[in-house]
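Chemist: compute the structure for the input listed below.
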Amino acid sequence: MKKISLKWLVLAAGLVALGAQAQERVRIGFMSPITGPQAGYGTDNRDGAALAIKELNAKGVKIGGKPVIFELDVNDDVADPRQGVQVAQALVDKKVRFVLGPYNSGVTMPASRVFSDGGVIVLTVASNPRITQQPNQSNLFRIGATDNQLGAKMAVYAAQDLKVKTVAVIDDRT
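Modeler: Numbering: from 1, shown residues only. Coordinates of the predicted model:
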């Protein structure tokens, strides 16, 4: 599988947004846990997205001969599904056409329905395999491995490389 950098995905979002509306500013939505117990993951993701956008803006990207400025619209979903749905609706209401996030599967599942209805393109790191198996999700893309893929690789590594004989599995039902 080819590796695609976040910078190119943001640029592609700009092309999509400009194709739909002639504008010089392209707002990229971002949602992740910025506060709460998982804030470390969310702030790392936010900072990576901000850096990618800063680098693109420094290059002076032009689309159709017009200079384009990308803006990151940062939103905190606190890793809470209810908050995630509210954030998703707020982004749809602001007419954001492209979103990086959500981070969590538990937030992505309900928020993805709002994004689908709003026609928003979504790149999520959520790992639950069901995320991309939902109906009407042609606008949702996973940018990381699924739980099944991750679990299988971790099991092989533990058995072959670490020679682990006994394991425990913790399931929080999410």
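Chemist: ok, which stretches of this structure are helices?
Modeler: Using DSSP state H, the helices found in the chain span residues 6-20, 39-58, 81-93, 105-118, 147-156.
Chemist: next one, pLDDT for residue 155 please.
Modeler: pLDDT recorded at residue 155 is 89.
Chemist: so how many other residues sit close to residue 95?
Modeler: For residue 95, the count of nearby residues is 13 (other CB atoms under 10 Å). All C-beta atoms are positioned from the backbone trio N, CA, C, and that covers glycine.
Chemist: same deal with the one 10 residues further on?
Modeler: Burial measure for residue 105: 19 neighbouring residues, criterion other CB under 10 Å.
Chemist: residue 61 now?
Modeler: Residue 61 has 18 nearby residues by other CB under 10 Å.
Chemist: for residue 144, same thing?
Modeler: Using other CB under 10 Å, residue 144 is surrounded by 12 other residues.
Chemist: follow-up on the earlier one: which of the helices of the chain sits most buried?
Modeler: Comparing these on average neighbours per residue, with mean count of other CB atoms under 10 Å, the densest one is helix 105-118 at a mean of 21.
Chemist: for residue 167, what are its contacts?
Modeler: Going by CB atoms under 8 Å, 6 or more residues apart in numbering, residue 167 touches 155, 158.
Chemist: give me the pLDDT for it.
Modeler: pLDDT for residue 167: 86.
Chemist: what about the chain, any weak spots by pLDDT?
Modeler: By pLDDT under 70, the weakly predicted segments of the chain are 1-23, 174.
Chemist: swap the cut-off to 50 and go again
Modeler: By pLDDT under 50, the low-scoring segments of the chain are 1-2, 20-23.
Chemist: closest one to residue 31 among the helices of the chain?
Modeler: Distance to residue 31, taken as CB to CB, is lowest for helix 81-93 among the helices of the chain, at 4.9 Å.
Chemist: just checking, what packs against that closest one?
Modeler: Packing contacts for helix 81-93, counted by 3 or more CB pairs under 8 Å, 6 or more residues apart in numbering; DSSP states H and E, involve strand 25-32, strand 69-76, helix 105-118.
Chemist: of all those, which one is nearest residue 56?
Modeler: Nearest of the helices and strands packed on helix 81-93 (CB to CB): strand 69-76, 5.6 Å.
Chemist: in the closest one, what counts as buried?
Modeler: Neighbour-count burial for strand 69-76, counted by 16 or more other CB atoms under 10 Å, picks out 70, 72, 73, 74, 75, 76.
Chemist: now find how far off-centre it is within its chain.
Modeler: Mean C-alpha position of strand 69-76 versus that of the full chain (CA atoms, centre = their mean, to the nearest Å) differs by 13 Å.
Chemist: farthest pair within the buried residues of strand 69-76?
Modeler: By the measure CB to CB, 70 and 76 form the most distant pair in the buried residues of strand 69-76, at 20.2 Å.
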